[in-house]
Structure formats: structure tokens, C-alpha cells
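**Q** can't give you the sequence, but here's the structure:
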């Protein structure tokens, strides 16, 4: 697979909207693909439904997928109050959060230079447990509306028992970096004369036709937020 190309989408550009790289988040492999731009990082997070959370307990590493939502400069994840991951993170165990989008395949003339076009983010830090019920309620609303915009206004909201059974963690987005690739393969110059097809196979994601719950009253109308649903990647960036 491709290892040496430096095809970049975002170069490092330190300014007021930049998250300063640290020794842990500075991209060392293909650094010209790195971005520390806050808006770029936020847009990658906002376009995803799922993140992966890595942590270690007793020397054993774990990586757990979960839903997330970004609100301002913090990332929130939630789960059962009995979750091992959430319990460990709430007690100060360092965590790593990653989000990755695969935008397409890059087919080169040589096996070595095959690659993928992608956008990814890594966040490092310590999480804190959201204890304030008002903040927890707001995060739950933000999560529901991130997954399905407009859904919160159509559903029963969590009661006190359900809130107590749910843990919400807050992770500050202060130690983070993005890495991106786009464009054509970058072959060795001598290989461009080879009669081998080369280029990109772009990917797209989309939602399909909603499927009715088997116990749904057939007279129940389909709300617009269901009938017109679009995945976060197809809604446009929500950077704010």
C-alpha cells in the first residue's frame, strides 16, 4: 500500500482557529496530510455517527465503537451507567477517540501505491462524567438531533430513571489532529507509461427507504424528519 506520497488536502497552518499540536498529536507520518484546523476537525466529527474509543485497563487495551455528538469545543459520548468503558473513563483513565471517513479507493499502477482517500481525527485526553442533570439532558437532546435532526420534538424524553441509568462523558477537544488524503494515485514516474488503469473509485453513503415498525399503527403519518432523512455526511458541515 502507498506509504511515501504526500498528496495533501490541508496543510498545517497555525492561526487563531488552530488547535496547537502536541508531541502526542503531531502527525509524523506524511505530516503534510495533517490538519490542526479547528473547523476541519469539527467538520470530520460532525459528519460521523460513530466514533471509536480506546482505553486500557490492567494492561489490556480495548477499543469500543459508540455514538457521539460534538457541542461547541467538547465531544460527548454516552452509554449504560454499567459500561466498563464509561466507568474507566469517568475515573480518569486516559482515552483516545478516533473518527474515520473513507471517501474512496485509490487504484495505482503498482501495488505499493494503492491507497484510500480519507478524513480522520484523533482526540486524546481525559474525560469527565457529566453529573449535572440539566447538562446531561441537553447532551441527550444534542445526540438525538445529531443522529436524526428534528427527532427530539417527536418523542418521549428520558425520565429521571432513564437518565440515572445513562452515563455521559465529556471530552475537551484540546489535544486533537486530523489527517486527510484526496486525489489521484501518486505512482513512480516510470510506472505512468504502464498500460494499467489507474484512478479513483469514489464512495458515497446514503440512507434507504424507512422501514415501518411491525407494531406501528398504520395510520401514523411519516414525519418529514424520517421521510427526508439524510446522513450527517450528506447534510453539510455543522461547524459552530
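**A** Received the coordinates, thanks. These numbers come from a predicted model, not from an experiment. Numbers count the residues shown, from 1 in each chain.
**Q** and the pLDDT at the residue most central in space within the chain?
**A** With distances taken as CA atoms, centre = their mean, residue 99 lies nearest the centre of the chain, 3.4 Å away. For residue 99, the pLDDT comes out at 98.
**Q** does it touch residue 77 like I think?
**A** No. Look at residue 99 against residue 77 with CB atoms under 8 Å: they stay out of range, at 11.4 Å. (C-beta placed from N, C-alpha, C; glycine too.)
**Q** tell me the secondary structure for residue 142?
**A** helix (DSSP: H, G, I helix; E, B strand; the rest coil).
**Q** just the helices in the protein please.
**A** Using DSSP state H, the helices assigned to the chain run over residues 38-46, 84-90, 133-147, 160-164, 224-227.
**Q** for those helices, which one sits closest to residue 202?
**A** Within those, the stretch nearest residue 202 is helix 38-46; the backing value is 17.3 Å (CB to CB).
**Q** can you tell me how far residue 236 sits from residue 229?
**A** Relative to residue 229, residue 236 is positioned 14 Å away (CB to CB, to the nearest Å).
**Q** returning to what we had before: which residues touch the residue nearest to the centre of the chain?
**A** 44-45, 48, 50-52, 68, 120-121 (CB atoms under 8 Å, 6 or more residues apart in numbering).
**Q** then residue 173?
**A** 19, 41-42, 45, 70, 73-75, 123.
**Q** out of those, which is nearest to residue 108?
**A** residue 41 (28.5 Å).
**Q** can the helices of the chain go into CSV with extra columns for mean pLDDT, mean neighbour count and distance to residue 200?
**A** Putting these into CSV (pLDDT from 0 to 100; neighbours: other CB atoms under 10 Å; distance: least, CB to CB, whole Å) gives the following:
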stretch, mean pLDDT, mean neighbour count, distance to residue 200
helix 38-46, 96, 21, 20
helix 84-90, 80, 20, 36
helix 133-147, 95, 17, 29
helix 160-164, 91, 11, 45
helix 224-227, 96, 12, 33
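**Q** of all the ones you listed, which lies closest to residue 154?
**A** helix 224-227 (7.2 Å).
**Q** can you pull out the low-pLDDT segments for this structure?
**A** 1-16, 237-240 (pLDDT under 70).
**Q** just the buried residues of stretch 208-227, please?
**A** For stretch 208-227, the neighbour count (16 or more other CB atoms under 10 Å) marks residue 225 as buried.
**Q** and it, how far out from the chain middle?
**A** Mean-position distance between stretch 208-227 and its chain equals 28 Å (CA atoms, centre = their mean, to the nearest Å).
**Q** quick one: contacts of it?
**A** Residues contacting stretch 208-227 (CB under 8 Å, 6+ apart): 148-151, 154, 229.
**Q** now list the buried members of those residues.
**A** Buried, going by 16+ other CB under 10 Å: 148, 151, 229, out of those.
**Q** and residue 151, what does it touch?
**A** 144-145, 225.
**Q** so how far is residue 186 from the residue of the chain most remote from its centre?
**A** Computed with CA atoms, centre = their mean, the residue of the chain farthest from its C-alpha average is residue 193, at 38.9 Å. Applying CB to CB, the value for residue 193 to residue 186 is 15 Å.
**Q** then residue 180?
**A** For residue 180 relative to residue 186 (CB to CB), the value is 15 Å.
**Q** which one of these two is surrounded by more residues?
**A** residue 180 (20 against 15; other CB atoms under 10 Å).
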